[in-house]
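Visitor: Pasted the sequence and its predicted model underneath.
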Amino acid sequence: MVRRFSNLPAERHPRRIDVMSAHPDAWPELPLAAWQDTYETLHMWTQIVGKIRMRLTPRINHYWNATLFVSARGLATSAIPYPLGVFEMEFDFIGHKLVVGTSAGEVRVLELAPRSVADFYAELMSTLAAFKIDVRINARPDEVANPIPFAEDRTHNSYDRESVERFHRLLVSVQKVLQEFRARFIGKCSPVQFFWGSFDLAVTRFSGRLAPPRSDPKYPKMMREAYSHEVSSAGFWPGGGEIKGPAFYSYTTPEPEGFKACSVLPKPACYHSGLGEFLLMYNDIRGAASESGGPQSGGPEADLMSFLETTYEAGANLARWDRAALERSPENRAAIGG
């Protein structure tokens, strides 16, 4: 007997909800130089919150238990267990506060404002102690040059509200495209998640095959876990180092022979030999926002999706992924959204 559920959509009337937005505020300017100091301070704050989540949650493959997630108001941890229940932390980039709440109904708020990392760290740890949440973290930042212990860091103390609001709006827009891209894949795939170490929003597809063990002198354990299997990963990063502005990236690892020579879309995208990945600068597609009527008529959403699709296809084809088994068929995509 086949049961039918009245709350599910009828298969003969597939439809999808178009979640893309052509509103120009959805793709704001975010020049790296204009918010560099705020970015660096916020990076340290997210590392503190992320390390707390990582310490208190059971380890999930590829350290997915450590990441943050884009929320309607900012970046959030999701529920974290502790002896009296669960708690969560959310960076509210609209109200400019870090909200810490427990399943017992307790809520405390830390102000997001120009303040040192040391001050933020001390107040957050004091807040958790008041909730009887006992946690000890490795209180030094990861994946940055010249790391300063959180308790001693009075160098990073900037917070520009407008820049943070722009960053949040951009994260929301990028997340929607990455979620659509993720939905087209039925093999193992990561959530769309924010990595506080590298300060990027990413999604990762897996071929299902093991990868050769990776050696990394600085983070050997993390890199072996993160890249234990063949992957195609893509995401967004505000920039840094020789990359002087926000950018989208995409790579396949292990990198198949010929990958760097592949032609991908849109045309401004190119392979960066130093990073070992394809890059598409945000400003190269942002200008399309004012002309877009949604992904069907072009615009940053369509440009970003074409970058995600063509870079993935280049790597998957060269590495001989079983794409027919791993990807959702085009006729099935139409039913996404109910």
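Guide: Ah, there it is. From a predicted model like this one, the values you see are computed outputs, not experimental measurements.
Visitor: So what touches the helix or strand of the chain with the lowest mean pLDDT?
Guide: Of all helical and strand segments in the chain, the minimum by mean pLDDT, DSSP states H and E falls on helix 220-226, at a mean of 73. For helix 220-226, contacts defined as Cβ atoms under 8 Å, 6 or more residues apart in numbering pick out 61-63, 213-216. C-beta here means a position set from N, CA and C on the backbone, and glycine is covered the same way.
Visitor: what do you get if the cut-off is 7 Å, keeping everything else the same?
Guide: The contact list for helix 220-226, computed with Cβ atoms under 7 Å, 6 or more residues apart in numbering, reads 62-63, 213-214, 216.
Visitor: which residues of the stretch 1-150 of the chain fall in strands?
Guide: With DSSP state E, counting those that start in this stretch as the criterion, the stretch 1-150 of the chain has strands at 69-70, 74-76, 80-82, 85-92, 97-102, 107-111.
Visitor: tell me what the second one is packed against?
Guide: Packing contacts for strand 74-76, counted by 3 or more Cβ pairs under 7 Å, 6 or more residues apart in numbering; DSSP states H and E, involve strand 85-92.
Visitor: what's the strand it packs on packed up against?
Guide: When contacts are defined as 3+ Cβ pairs under 7 Å, 6+ apart, strand 85-92 packs onto strand 74-76, strand 80-82, strand 97-102.
Visitor: partners of the first one in the sheet?
Guide: Pairing partners of strand 74-76, with direction, according to DSSP bridges: strand 69-70 (antiparallel), strand 85-92 (antiparallel).
Visitor: Tell me which of those sits nearest to residue 280.
Guide: Among the strands paired with strand 74-76, the nearest to residue 280 by Cβ to Cβ is strand 69-70 (19.6 Å).
Visitor: quick one: pLDDT of the closest residue to residue 265 other than its chain neighbours?
Guide: Distances taken as Cβ to Cβ, 6 or more residues apart in numbering place residue 306 nearest to residue 265, at 4.2 Å, with adjacent residues excluded. pLDDT, residue 306: 98.
Visitor: how close does residue 306 sit to residue 250?
Guide: As for residue 306, its distance to residue 250 is 11 Å (criterion: Cβ to Cβ, to the nearest Å).
Visitor: ditto for residue 107
Guide: Distance of residue 107 to residue 250, computed by Cβ to Cβ: 39 Å.
Visitor: before we move on, the earlier item: give the other helices and strands that the host helix or strand of the residue nearest to residue 265 contacts.
Guide: Assigned by DSSP states H and E, residue 306 belongs to helix 300-318. Contacts defined by 3+ Cβ pairs under 7 Å, 6+ apart place helix 300-318 against helix 161-183, strand 229-237, strand 247-253, helix 282-286.
Visitor: Would you mind giving the ones you listed as a markdown table with mean pLDDT added?
Guide: What follows is the helices and strands packed on helix 300-318, written out as a markdown table (pLDDT from 0 to 100):
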| stretch | mean pLDDT |
| --- | --- |
| helix 161-183 | 98 |
| strand 229-237 | 97 |
| strand 247-253 | 98 |
| helix 282-286 | 96 |
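Visitor: Highest mean neighbour count out of the ones you listed?
Guide: Greatest average neighbour count among those goes to strand 247-253 (a mean of 24), per mean count of other Cβ atoms under 10 Å.
Visitor: which helices and strands sit right next to that one?
Guide: Looks like strand 247-253 contacts strand 229-237, strand 277-281, helix 300-318 (3+ Cβ pairs under 7 Å, 6+ apart).
Visitor: which is the next helix or strand following it?
Guide: Where DSSP H and E defines the elements, the next helix or strand beyond strand 247-253 is strand 270-272.
Visitor: centre of the chain versus that next one, how much separation?
Guide: Mean-position distance between strand 270-272 and its chain equals 21 Å (Cα atoms, centre = their mean, to the nearest Å).
Visitor: Okay, residue 200 and residue 130: tell me how far apart.
Guide: Distance, residue 200 to residue 130, by Cβ to Cβ: 33 Å.
Visitor: Show me which of these two is the more surrounded one.
Guide: Under the criterion of other Cβ atoms under 10 Å, the comparison of residue 200 against residue 130 puts residue 200 first, with 17 against 11.
Visitor: isn't that one right next to residue 238, touching?
Guide: No: counting by Cβ atoms under 7 Å, residue 200 sits too far from residue 238 to count as a contact (8.0 Å).
Visitor: so which of the helices and strands packed on strand 85-92 is the most packed in?
Guide: For the helices and strands packed on strand 85-92, the largest average neighbour count (mean count of other Cβ under 10 Å) is found in strand 74-76, namely a mean of 24.
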